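[1] quick one, fold the following:
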Amino acid sequence: MSEPRNKSTMFFRILTGKAIPVALYGQLRRPLKRIFIVTPFLEDYEFLGSSPLSKFLSKHVSEGVGITILTMPPEGTNGTTRSFTRKYQLLNQLMRQGIDVRLNAKLHAKVFLFDESEITRATILGSANLTTAAMNERLEIALLTYNRELFGDVLSIVYKFCNDLSTKTFMKWKLENAVRIRSVVGGE
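    Here you go, the predicted model:
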């Protein structure tokens with residue numbers, strides 16, 4: 001049985017509504033060493049009319065930041081191919097920039113980890129996917145904390161998700177789905 005945690009080291013804030021994308025924006029603007037984004041549904045969300053996710057991530061990659069994204073594979077909605085194509089193109093772009101993109105069809109967790117230094121590590125856990133609908137329209141909730149112990153605990157779980165037998169690298173998924181990708185997206 002683990003020791004009870006000192007409540008004074010468990011500072012956290014509950015976020016709802018626009019406070020969620022504001023918190024994510026705030027973290028993405030900081031100098032970071034490592035970023036983990038775990039969200040089943042993912043778009044190139046534009047933060048506060050400022051910059052899209054891909055621009056922030058590209059900047060961090062160019063600065064040597066390690067980034068891992070775990071999401072669900074692209075899927076069409078109601079038989080349409082638009083959703084599949086948009087997500088596929090975003091993930092392909094991110095992978096080509098050097099981001100570790102992984103896919104798991106069973107994913108439901110929403111976790112954002114930002115490792116700035118040995119002292120500053122932010123964890124955001126909640127219900128919101130990284131999509132326009134979740135950030136702007138839905139009733140979502142998230143917990144933001146800078147507790148290093150909680151960061152480590154959550155990071156261990158994220159590593160387990162990334163190494164789960166049903167998790168695939170984007171490249172492996174892409175090779176396994178090449179025929180479908182060609183028929184929906186064209187090219188490649």
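
[2] average model confidence for stretch 176-188?
    Mean per-residue pLDDT for stretch 176-188: 82.

[3] mind listing what's buried in it?
    Under the neighbour-count criterion of 16 or more other C-beta atoms under 10 Å, stretch 176-188 has 177, 181, 184, 185 buried. Glycine gets a C-beta too; all of them are placed from N, C-alpha and C.

[4] against residue 141, how distant is the first one?
    Separation of residue 177 from residue 141 (C-beta to C-beta, to the nearest Å): 34 Å.

[5] ok, now the last one?
    As for residue 185, its distance to residue 141 is 35 Å (criterion: C-beta to C-beta).

[6] what's the answer for the second one, then?
    Using C-beta to C-beta, one obtains 35 Å as the distance from residue 181 to residue 141.

[7] contacts only, for residue 84.
    Contacts for residue 84 were tallied using C-beta atoms under 8 Å, 6 or more residues apart in numbering; they are 74, 75, 76, 184, 185.

[8] gap between it and residue 90?
    Noted for residue 84: a distance of 11 Å to residue 90, by C-beta to C-beta.

[9] out of everything not next to it in sequence, what's closest to the residue most central in space within the chain?
    Taking C-alpha atoms, centre = their mean, the centroid of the chain lies closest to residue 37, which sits 2.2 Å from it. Distances taken as C-beta to C-beta, 6 or more residues apart in numbering put residue 69 closest to residue 37, at 4.7 Å, once the chain neighbours are dropped.

[10] which residues pair with the one you found across the strands?
    residue 37, residue 101 (DSSP bridges).

[11] what about it, how many neighbours?
    Burial of residue 69 is recorded as 24 neighbouring residues (other C-beta atoms under 10 Å).

[12] how far away is it from residue 53?
    Distance of residue 69 to residue 53, given as C-beta to C-beta: 10 Å.

[13] again with residue 20
    Going from residue 20 to residue 53 by C-beta to C-beta gives 14 Å.

[14] between those two, which is the more surrounded one?
    Applying other C-beta under 10 Å to residue 20 and residue 53 shows that residue 20 carries more neighbours, namely 25 against 21.

[15] that one is in contact with residue 140, isn't it?
    Yes - assessed by C-beta atoms under 8 Å, residue 20 is found in contact with residue 140 at 5.9 Å.

[16] quickly list what's touching both of the two.
    Common contact partners of residue 20 and residue 140 (C-beta under 8 Å, 6+ apart): 126, 128, 134.
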